[in-house]
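Trainee: sequence first, then the predicted structure:
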Amino acid sequence: MPILALDNVSKKFGALAVADRISFEVPQGQALGIIGPNGAGKSTLFNLVTGNLAVDAGSIAFAGQDVTRLRAMRRCAMGIGRTFQIPQPFGKLTVFENLLVAAAFGANEQEADATERCAAILEETGLARQANRVAGSLSLLERKRLELARALATDPKLLLLDEIAGGLTEGECGQLVETIRAIHARGVTVIWIEHVLHALTPVVDRLLVLHFGRVIGIGDPREMMESEAVREIYLGIEI
Amino acid sequence: MRDALLIFHRLSRLAGVSQMTGILDTIAQGVLLGGLYALFAAGLSLVFGIMRLVNLAHGDLIVLAAFLILMLVTALGLSPFVAVLVAAPAMFAAGWLLQYHVLNRTLGDDILPPLLVTFGLSIVIQNALLEGFSADSRRIPAGGTLETASLALGPISVGVMPLLTFVSAVAVIVLLNRLFYATALGRAFRATSDDPVTAGLMGIEPRRVFATATGIAMVVVTIAALYLGTRANFDPTIGPARLIYAFEAVIIGGLGSLWGTLAGGIIIGVAQTLGAAVNPEWQILAGHVAFLVVLVFKPRGLFPRAHD
């Protein structure tokens, strides 16, 4: 049974179709990469999966259960965690409090259990020394790490990463990729939207290409990168 | 403390002991009155701090709670301190339902809908109370000698009820601060206040969090109503004036700052008692003037939170 299944999901903003009959499945434990030019509807797709946006048509199933009409908080409690392209920490809370909120409400954990697990997540994501800093004062890399850490604190079965490597230096990007690789190795299913393709392709098992809200290909990352359709979309861009 | 006593001693020699004692007594009464205003303001500050909602019916809700306590005291013969324990859960439920079913629908980028709806609610509460209880002034009997009891503190004496009011205000603010910064619910309040959409993605339901916040604010309103009703006469139309004192205390303290609210209440209280000492007609005016003076020099209040 796939952990996530989209069936003919569509969404329009006015006359613009940002998701056009999108269908695909993600088996449990797999890492799926999503690429596409700006405006292809990648982040919108995440918003539809997490419940931030309601679909106009089609259905979304998570772990075999139809979640199309469920609210975002219910989907989070079921195990869908996400990060944002532009980090959105709770700026007035400390780093540790950001995680505690996610663990208490997203994973429904008691304070004592949450404290221990959140401390381990901070260690894993390299934020342990920043635990008591106010999240609003973090650097970009630290904010990206916090996005990841907070999503992990919700104890997700499916982790949606939205351009988490964007804006980072080569070294920072490498560290983050290693962390994501370790999370995936623990059995967490990952769907990762990314423009930094050299970070994405070594981690993902399959690659999905979106263009104008439509899926134009899904399959082996190397084959997808070499396909005619992808080369056409990225015409003139070195990929 | 030693310095304060020394200054008091020197000033006493200059101004005469009885005159200095009078000034100290006036200031002490003002500080204690500030506790009542802080109680009026704490609920307003809590709701504004979490959801940026200005509740224009806040004063009328205090009066409503005072009538509820009065009913429980007169109908069941309860002590007002027991009646408040019965009234508080009822007010919590009323606040929760009001927020969940009505006020949540008004929240958004436009600040006008909550203002209009709570203004309408204020009119509804006032008229309902006028229909139910008439325009007669009422007072909640505190029972026994509590209303007139006083304690000698050095050269001055303070009433037990005003002292209880002030202690309650400090206790409420300590508890609210503890709730905010040391509990999961408090973190949910702060996270939702920061970004309700992202909070939803972390498993928090903002509508329920807001409703719980208003419920807690209504418990504070009930405590404020207890002291309003036992210390002074009240009638269905005095809500808006209590709202103004609450607003002034919140703004002087800095929007959303609970300790600032206590400081704001004390400043208004002291200004009012000093004004009344000069001329009884100046009591209310002096409070408003103090508010304006603070606003001129500290437009964001004395203890503003980080820029929102």
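Mentor: Ah, there it is. Only a predicted model underlies this, so the values are computations on that prediction, with no experimental measurement involved.
Trainee: okay, now the domains of chain A?
Mentor: The record's domain parsing of chain A by automatic domain parsing lists A:1-79+A:158-239, A:90-155.
Trainee: how far out from the middle of the chain is the longest one?
Mentor: In terms of CA atoms, centre = their mean, to the nearest Å, the centre of domain A:1-79+A:158-239 is found 7 Å from the chain centre.
Trainee: for chain A, what spans make up the strands?
Mentor: A:2-13, A:16-27, A:31-35, A:57-62, A:65-66, A:80-82, A:158-162, A:189-193, A:206-211, A:214-219 (DSSP state E).
Trainee: quick one, what contacts the closest residue to residue A:22 other than its chain neighbours?
Mentor: Nearest residue to residue A:22, sequence neighbours excluded (CB to CB, 6 or more residues apart in numbering or on different chains): residue A:9, at 4.6 Å. C-betas here are computed from N, CA, C, even on glycine. Residues near residue A:9 by CB atoms under 8 Å, 6 or more residues apart in numbering or on different chains: A:19, A:21, A:22, A:23, A:45, A:48, A:55, A:57, A:58, A:59, A:60.
Trainee: if we use 10 Å, what do you get?
Mentor: Going by CB atoms under 10 Å, 6 or more residues apart in numbering or on different chains, residue A:9 touches A:19-24, A:45, A:48-49, A:55-60, A:68, A:213.
Trainee: same thing with residue A:16?
Mentor: Residue A:16 neighbours (CB under 10 Å, 6+ apart): A:39, A:41, A:212, A:213.
Trainee: kindly report the same for residue B:179.
Mentor: With CB under 10 Å, 6+ apart, residue B:179 has these contacts: B:46, B:185, B:186, B:189, B:213, B:216.
Trainee: farthest-separated two in the residues you listed?
Mentor: Pairwise distances among those were taken by CB to CB; the largest, 12.4 Å, belongs to B:46 and B:185.
Trainee: higher neighbour count, the two?
Mentor: It is residue B:46, of residue B:46 and residue B:185, that has more neighbours when counted by other CB atoms under 10 Å in any protein chain shown, with 25 against 15.
Trainee: mind listing what's buried along stretch B:246-257?
Mentor: Of all the residues in stretch B:246-257, those buried under the rule 16 or more other CB atoms under 10 Å in any protein chain shown are B:246, B:247, B:248, B:249, B:250, B:251, B:252, B:253, B:254, B:255, B:256, B:257.
Trainee: who wins for proximity to residue B:274 among the domains of chain A?
Mentor: Nearest of the domains of chain A (CB to CB): domain A:90-155, 36.9 Å.
Trainee: so the residue of chain B found nearest chain A, which of the three states?
Mentor: Proximity of chain B to chain A (CB to the nearest CB) peaks at residue B:203, 3.5 Å away. Following DSSP: H, G, I helix; E, B strand; the rest coil, the label given to residue B:203 is coil.
Trainee: one more: residue B:110?
Mentor: Residue B:110 - assigned by three-state DSSP - is coil.
Trainee: count the residues that sit near it.
Mentor: 9.
Trainee: in chain A, which helix is the longest?
Mentor: Taking DSSP state H as the criterion, chain A has its longest helix at helix A:170-185.
Trainee: same thing with chain B?
Mentor: Max-length helix for chain B by DSSP H is helix B:17-51.
Trainee: centre of the chain to it, how far?
Mentor: 9 Å.
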